[in-house]
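Trainee: sequence first, predicted coordinates after that:
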Amino acid sequence: MSRTPVRYAAGLLLACSAAFAATPALAAWPDKPITFVAPFTAGGANDLVARIIAKAVGSALNQPVIVENRPGAGGIVGAAHVARSAADGYTYLVGSNGTVTNSLIRSDQPYKDEALTPVALLSITPSVIVANPSNPAKDLKDFVARARQSKTDRITFSTAGNGSTPHFVAEMMKEATGLPIEPIAYKSGSEGVTAVIGNQVDATSEASIVTLPLIQSGKLKALATTWDKRMASAPDIPTTSEAGFPSIRIGHWAGLFAPTGTPADVLDKMNAAVDASLQTREVQDALRQSSIEPGGGSRASFAEFAASERERLGKVVKSGHMQTQ
């Protein structure tokens, strides 16, 4: 990595300082509808979070907040649209892990990272590593032990494409366990999960909102969750750390980004509206019923979080040779 988390966070916040100084405050903001761009298809964790929080933020700001899905290229299509949008406080990206890692993986990203400014951490959704119910392993520790004992030469792991969260999990597992894990790219996370159900691949990981209903219906077997603690809605699923692999750690986080140059006072108001919304019982209950943890905090704390994730996941990109030309 060429930049530390602190330097990257500072770059994200300071890249637009001149624009902040030159642009007059929008005292009347907001005086028209606001758009949250979800860079993935409807129905996933990113889209769900966007819609729950958009409704609450709209109420807090007394203006409608419209969720617009612009999927494609692992979130790049939607991100590029926001990066090129007017910096007037009316267009935001509901970004994800890929927002901070895509430029490390892809040489053809059509915008610079500095074109987007962090506004607020919305949520973190745990990922669950799953296998077909016919797999005899009872959890991740047992899965690894059985694979080592059998000395298998290939463990297939479906992903949602290069740089997706399941791809990161596959590379983390490969490095942490030494097993011959082979990522198999599908067009989406749902297709990757379907491949596990159909016994076409050995395992995958996907957000809890996708996996838990299938685990509860017996179509998938849970091996481990990849975040810091067990999920309240599924407390019987152990964490990767409990299995002895603390380095296998990632969540499907969602965060709000604005076009760089958006006035600072507008971003502060949006951050405050998001933070207040996340503290309401209605929003917390709506998120946690899908095992999604509310985010929150200041603009600076989110910038630091995003920079830290870029640094940490950047090491996985490098060790897993995930870059494309």
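Mentor: It's in. Since the structure is predicted, the reported quantities are computational estimates derived from the model, not experimental observations. Numbering: from 1, shown residues only.
Trainee: keeping just the C-alphas, turn stretch 311-325 into PDB.
Mentor: C-alpha atoms of stretch 311-325 as PDB (Å, rounded to 0.1, in the frame of the first residue of the first chain):
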ATOM      1  CA  GLU A 311      -5.500  -0.600   4.100                       C
ATOM      2  CA  ARG A 312      -6.500  -3.900   5.600                       C
ATOM      3  CA  LEU A 313      -8.300  -5.300   2.500                       C
ATOM      4  CA  GLY A 314      -5.600  -3.900   0.300                       C
ATOM      5  CA  LYS A 315      -3.200  -6.500   1.800                       C
ATOM      6  CA  VAL A 316      -5.600  -9.300   0.800                       C
ATOM      7  CA  VAL A 317      -5.800  -7.800  -2.700                       C
ATOM      8  CA  LYS A 318      -2.000  -8.000  -2.900                       C
ATOM      9  CA  SER A 319      -1.600 -11.500  -1.400                       C
ATOM     10  CA  GLY A 320      -4.400 -12.900  -3.400                       C
ATOM     11  CA  HIS A 321      -3.300 -11.300  -6.700                       C
ATOM     12  CA  MET A 322      -6.800  -9.900  -7.200                       C
ATOM     13  CA  GLN A 323      -5.700  -7.000  -9.500                       C
ATOM     14  CA  THR A 324      -6.900  -6.900 -13.000                       C
ATOM     15  CA  GLN A 325      -5.100  -5.200 -15.900                       C
END
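Trainee: for it, buried residues please.
Mentor: E311, L313, G314, V316, V317, G320, M322 (16 or more other Cβ atoms under 10 Å). From N, CA and C alone the C-beta is placed, and that goes for glycine too.
Trainee: now render these as TSV, adding secondary structure and pLDDT.
Mentor: Shown next, in TSV, are those (DSSP: H, G, I helix; E, B strand; the rest coil; pLDDT from 0 to 100):
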residue	secondary structure	pLDDT
E311	helix	96
L313	helix	96
G314	helix	96
V316	helix	96
V317	helix	96
G320	coil	93
M322	coil	93
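Trainee: out of those residues, flag the one nearest to Y92.
Mentor: L313 (22.6 Å; Cβ to Cβ).
Trainee: got the contact list for that closest one?
Mentor: L313 makes contact with N97, V100, T101, L104, F168, I250, according to Cβ atoms under 8 Å, 6 or more residues apart in numbering.
Trainee: put the buried members of these into a PyMOL selection.
Mentor: Restricted to buried positions by 16+ other Cβ under 10 Å, the PyMOL selection for the contacts of L313 reads:
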select buried, resi 97+100+101+104+168+250
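Trainee: you'd agree V94 is up against A50?
Mentor: Yes: applying Cβ atoms under 8 Å, one finds V94 in contact with A50, separated by 4.3 Å.
Trainee: quick check: neighbours shared by the two?
Mentor: Shared contacts of V94 and A50 (Cβ under 8 Å, 6+ apart): F36, A38, V67, L122, A254.
Trainee: just checking, the second one touches N46?
Mentor: Yes: using Cβ under 8 Å, A38 and N46 qualify as a contacting pair, with a distance of 5.5 Å.
Trainee: more neighbours: the two, which one.
Mentor: Higher neighbour count among A38 and N46: N46, with 29 against 26, using other Cβ atoms under 10 Å.
Trainee: put the alpha carbons of the helix or strand harbouring that one into PDB.
Mentor: Assigned by DSSP states H and E, N46 belongs to helix 45-61. Listed next in PDB are the C-alpha coordinates belonging to helix 45-61 (Å, rounded to 0.1, in the frame of the first residue of the first chain):
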ATOM      1  CA  ALA A  45     -28.400  -5.800   1.900                       C
ATOM      2  CA  ASN A  46     -27.100  -2.500   0.300                       C
ATOM      3  CA  ASP A  47     -30.600  -1.800  -1.200                       C
ATOM      4  CA  LEU A  48     -32.400  -2.700   2.000                       C
ATOM      5  CA  VAL A  49     -30.200  -0.400   4.100                       C
ATOM      6  CA  ALA A  50     -30.600   2.400   1.600                       C
ATOM      7  CA  ARG A  51     -34.400   2.200   1.700                       C
ATOM      8  CA  ILE A  52     -34.700   1.900   5.500                       C
ATOM      9  CA  ILE A  53     -32.400   4.800   6.200                       C
ATOM     10  CA  ALA A  54     -33.700   6.900   3.200                       C
ATOM     11  CA  LYS A  55     -37.200   6.900   4.700                       C
ATOM     12  CA  ALA A  56     -36.000   7.900   8.200                       C
ATOM     13  CA  VAL A  57     -33.700  10.600   6.800                       C
ATOM     14  CA  GLY A  58     -36.400  12.000   4.600                       C
ATOM     15  CA  SER A  59     -38.600  12.400   7.700                       C
ATOM     16  CA  ALA A  60     -35.800  14.100   9.600                       C
ATOM     17  CA  LEU A  61     -35.100  16.500   6.800                       C
END
